[in-house]
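[1] Just the structure for this:
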Amino acid sequence: MLCRGRYGTECAVLTKGRNGRFRFPAAQNGTDTEVIEQKKKMSSYKVECAVGADPIVIETGKIARLADGAVTVRCGDTVVLVTVVSATKIKEGQTFFPLSVEYKEKAAAAGLFPGGYFKREGRPTEKEILTCRMTDRPLRPMFPKGYFYDTQVITLLLAADGEHEPDILSINGASAACVISDLPFAEPVGAVRVGRINGEFVINPTNKQRLESDLDLVYAGSKDQVIMIEGSAKELPEEDFIKALHVAQENVAKICAAQEELRAQCGKPTREYELTVAKPELLEIGYQIAGDRIEDAIYAPNKIQRQKQVGALRDEVEAAIKQAHPEATDFDVEQVFEYIQKKAFRISIMEHDKRADGRGIKQLRPLSAEVNVLPNVVHGSALFSRGETMSLCLATLAPLEEKQYLDNYTGSVDEKRFILHYNFPPFTVGETGRFGGQNRREIGHGALAERSIAPVIPAEDDFPYAIRVSSEIMESNGSTSMASVCAGTMSLLAAGVPLKRPVSGISVGLVTEFENAGDRVPKRYKTLLDIIGSEDFYGDMDFKLCGSAEGVTGYQLDLKLPGIPLEILEDAIHLAKKGRMEVLDTMCDCIPAPQPLSPKAPRIETTTIPADRIGELIGPGGKNIKALQAETGTDINIEEDGSVRIYGSRQEGVERALYLIGRMFKEIEVGETYEGKIVSTKEFGAFMEVLPGKDGLIHISELAEGRTQKTEDVVKVGDIVTAKCIGIDDKGRVKMSMRAAARDRKARQAERRED
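    Numbering: from 1, shown residues only. Predicted structure coming up:
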């Protein structure tokens, strides 16, 4: 049997042994090493890591063997396949590391058909995009700076048990695939999810357990350092949050050790590669031109002036470099100038505590907050700015039916009644560009702001509305997602949403200095409160933390370093709390409590009816409820337990619908007076509709005082009359009297005259 290689080339001739299995012969046309490598390719390897209630099992060698690295990762009965492939040549003109991460959920993994007409998975869902971002962020710093080879990581969901989320498996699988490949990947990355139930931390909780948890922390790290965190919490105190980070790191170390074990079994030698870095001879020219003037340029008073001065200086550097080295490309110039800027920025921070906009390293930018900036056709609006970062948020209230329903193959949340959408048009940074449709960054920023506010949204029973916030970024110079949290909170209060507490957010940056290249722990570092765009670009960290006065609600950590000690992140958490409270003070000065509900917001009333009588309210083919909605101008929602919610733009219509429903399900009581329509007349009297669907007989003798010769002399079909219930017989027949109602009315009038 002839064995063929990756591109159809002949690798070896397999011979059949006595046991009927094919085996590799001794080396004939190749070395012993080549035969060993061929055997490796035909073998599978497995490691198991005991973290949480169910172990994580990583296996390689069975499928996707033509990828540079491929593993399956399993927890419970959830399985993902993760592959990595990196090009062997750099594309001409490549100026950045083209790492792309894709994650795809297959309906078949959950034993389902996709929805829709075509019965095929469509464009990426929001959840898939967020999983891509969460997988990408801890991987990117693990590749060496200047590695510009096209690299792609793909995760496919192969099986979903509805209890174990695949996002954690995707991160671990992506790292493991890189670790066993021949790519220059620094070290293994492990990831766990941490929950907290009744004060006890739970590693990789199931979806059922997550519903009971007050913490949802996704933590990725190396064997001893943190790389990425993301998630939300229900106002968790900072000290408890820090404890959760340490619990996560202990378990991440176990997963990293398992990946090292897998690499020892089947890892490939690292391939040869080139790094694209600034050329020393060009750097020397750059320093001659810009070295003494770069600080003045990057420390101009505002962003626009900085851009102009830095741009002018860059043009000078470019002219000097191309005069001395005509072959130099624009990218060569860009690398030189970026290196000079970064070095000047870092020296200024580390040596002089000097920031680009003149602030102290622990100082916030000027804050501004305003509500009701738009006419009241908008249910709630707010404008929040922090320096040159500004968000305008619009809050909208709607009936619960407007909640968002999500395709769900993995057992996680399949509906949302609170939604926050984030939009970032190009004018916010003074540029032109693509407009329309959201990119991954916008979806990620919106998700961060949404989960940060969600813990303080009132329960559905207390505030039965679907709620949407639209964050429109007006200016951008750092941490627009945190501005969205602040403006979003204020817009909800302006719309009359009774939040448990207001929430604010702030970002913290980091600048580090290492003794030697390759050191893991910095010789010294400085954290920066409320970073601007250049500090994010040239710094080492962007850590966003949101919360109320009671504790943490949302967070996200991005690093450019391949990890930092947890102690640094702890310092950043405490600094973020200080900044968050200062921002909260400004917000509360602007709007200390929820305003009255906007006059344009839908009104809601709630009532209950017997669950076994829901059909009466709906009527045959929906006849009753449609007529009720048409008469009152409302929308009426009925739950299985008999709860009825009435929504309307006018309070009068809502109250009318509530009254009519109450009448429909009210029992007729002897001695009570009712108003109703005459539905038919007979020789012996008239039938009136006492309550919807319930008639009573007014005998001819009870129509009026004195003798009545003919029913139609007093009432006709369609007349609205008032009658008193004078009896209900054993068969449930109702006796009504207009005469008794008239007597009662005269008696009340006489009493009023006497008074």
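[2] For Asp530, which non-adjacent residue is closest in space?
    Leu364 (4.8 Å; Cβ to Cβ, 6 or more residues apart in numbering). Just so you know, the C-beta spots here come from the backbone N, C-alpha and C atoms, and that holds for glycine as well.
[3] With Thr607 instead?
    Val644 (5.1 Å).
[4] That neighbour looks like it's in a strand, true?
    Yes: judged by DSSP: H, G, I helix; E, B strand; the rest coil, Val644 forms part of a strand.
[5] Can you check the pLDDT for Ile646?
    With respect to pLDDT, Ile646 scores 92.
[6] how about Cys266, what does it touch?
    40, 43, 45, 60-61, 180 (Cβ atoms under 8 Å, 6 or more residues apart in numbering).
[7] tell me the two of those that are most distant?
    Spatial extent of these (Cβ to Cβ) is set by the pair Ser43 and Ile180 at 12.4 Å.
[8] higher neighbour count, those two?
    Neighbour count, other Cβ atoms under 10 Å: between Ser43 and Ile180, Ile180 has more, with 26 against 11.
[9] I figured the more buried one hits Arg65, correct?
    No: Ile180 lies out of contact with Arg65 (Cβ atoms under 8 Å); the separation is 11.5 Å.
[10] number of nearby residues for the residue nearest to Thr607?
    20.
[11] hang on, Ala191 in a strand?
    Yes: counting by three-state DSSP, Ala191 falls inside a strand.
[12] Please tell me how far it sits from Ala176.
    11 Å (Cβ to Cβ, to the nearest Å).
[13] Can you give me the neighbour number for the residue nearest to Asp530?
    For Leu364, using other Cβ under 10 Å, the count is 17.
[14] for Glu616, same thing?
    15.
[15] before we move on, what about Lys500?
    Lys500 has 15 nearby residues by other Cβ under 10 Å.
[16] quick one on the thing from earlier: just send the contacts of Cys266 back as a markdown table, with pLDDT too.
    Formatted as a markdown table, the contacts of Cys266 follow (pLDDT from 0 to 100):
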| residue | pLDDT |
| --- | --- |
| Lys40 | 55 |
| Ser43 | 83 |
| Tyr45 | 96 |
| Thr60 | 97 |
| Gly61 | 94 |
| Ile180 | 97 |
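[17] Just send those residues back as CSV, with secondary structure too.
    Listed next are the contacts of Cys266 as CSV, based on three-state DSSP:
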residue, secondary structure
Lys40, helix
Ser43, coil
Tyr45, strand
Thr60, strand
Gly61, coil
Ile180, helix
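[18] what's the closest of those to Asn637?
    Thr60 (51.5 Å).
[19] from memory that closest one sits against Tyr45, does it?
    Yes: checked against Cβ under 8 Å, the pair Thr60 and Tyr45 is within contact range at 5.5 Å.
[20] So if I had to pick from these two, which one is more boxed in?
    Between Thr60 and Tyr45, counted using other Cβ under 10 Å, the more crowded position is Thr60 (28 against 19).
[21] What distance do you get for the residue lying closest to that one once chain neighbours are set aside to Glu59?
    Once flanking residues are discounted, Thr60 sits nearest to Val71: 4.6 Å by Cβ to Cβ, 6+ apart. Computed as Cβ to Cβ, the Val71 to Glu59 distance reads 6 Å.
[22] Also Ala657?
    60 Å.
[23] Looking only at neighbour counts, state which of those two leads.
    Legend: neighbour count by other Cβ under 10 Å for Ala657 and Glu59, higher for Ala657 (25 against 19).
[24] and that one, what is it in contact with?
    Contacts of Ala657 (Cβ under 8 Å, 6+ apart): 605, 628-629, 631-632, 634, 636, 646, 648.
[25] try Arg293
    With Cβ under 8 Å, 6+ apart, Arg293 has these contacts: Leu313.
[26] Now with 10 Å, please.
    309, 312-313, 316, 344 (Cβ atoms under 10 Å, 6 or more residues apart in numbering).
[27] hmm, which of these are the buried ones?
    309, 313, 344 (16 or more other Cβ atoms under 10 Å).
[28] so can I have TSV of those residues showing distance to Leu569, pLDDT and secondary structure?
    Converted to TSV, the buried ones among the contacts of Arg293 look like this (distance: Cβ to Cβ, whole Å; pLDDT from 0 to 100; DSSP: H, G, I helix; E, B strand; the rest coil):
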residue	distance to Leu569	pLDDT	secondary structure
Gln309	34	85	helix
Leu313	35	87	helix
Ala344	27	86	helix
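[29] Just name the closest of those to Thr586, please.
    Gln309 (31.0 Å).
[30] From Tyr299, how far out is that closest one?
    Distance from Gln309 to Tyr299, by Cβ to Cβ: 9 Å.
[31] circling back: pick out the most distant pair among the contacts of Ala657.
    Among the contacts of Ala657, Glu605 and Glu631 lie farthest apart (Cβ to Cβ), at 15.5 Å.
[32] between those two, who's got more neighbours?
    Glu605 (18 against 12).
[33] I figured that one hits Val654, correct?
    Yes: using Cβ atoms under 10 Å, Glu605 makes contact with Val654 at a distance of 5.1 Å.
[34] Find residues that contact each of these two.
    634, 646-648.
[35] among the residues you listed, which ones are buried?
    634, 646-648.
[36] Now do the same for the closest residue to Lys279 other than its chain neighbours: its pLDDT.
    Of all residues beyond its chain neighbours, the one nearest Lys279 is Asp332 (6.4 Å), with distances taken as Cβ to Cβ, 6+ apart. Note for Asp332: predicted pLDDT of 87.
[37] What distance do you get for Asp332 to Asp292?
    In terms of Cβ to Cβ, Asp332 sits 22 Å off from Asp292.
[38] More neighbours: those two, which one.
    Between Asp332 and Asp292, Asp332 has the larger neighbour count (other Cβ under 10 Å), namely 18 against 9.
[39] residues in contact with the more buried one?
    276, 278-279, 282, 318, 321-322, 325.
[40] Would you convert those residues into JSON lines that also reports neighbour count, pLDDT and distance to Pro237?
    Shown next, in JSON lines, are the contacts of Asp332 (neighbours: other Cβ atoms under 10 Å; pLDDT from 0 to 100; distance: Cβ to Cβ, whole Å):
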{"residue": "Thr276", "neighbour count": "18", "pLDDT": "89", "distance to Pro237": "46"}
{"residue": "Ala278", "neighbour count": "18", "pLDDT": "85", "distance to Pro237": "46"}
{"residue": "Lys279", "neighbour count": "15", "pLDDT": "86", "distance to Pro237": "51"}
{"residue": "Leu282", "neighbour count": "22", "pLDDT": "88", "distance to Pro237": "52"}
{"residue": "Glu318", "neighbour count": "19", "pLDDT": "86", "distance to Pro237": "52"}
{"residue": "Ile321", "neighbour count": "24", "pLDDT": "88", "distance to Pro237": "54"}
{"residue": "Lys322", "neighbour count": "17", "pLDDT": "87", "distance to Pro237": "57"}
{"residue": "His325", "neighbour count": "15", "pLDDT": "89", "distance to Pro237": "58"}
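[41] Go through those and flag which are in helices.
    Counted as lying in helices by DSSP state H, out of these, are 282, 318, 321-322.
[42] So the residue nearest in space to the middle of the chain, which state does it fall into?
    In the chain, the C-alpha closest to the average C-alpha coordinate belongs to Ala447, at a distance of 2.8 Å (Cα atoms, centre = their mean). With three-state DSSP as the basis, Ala447 sits in helix.
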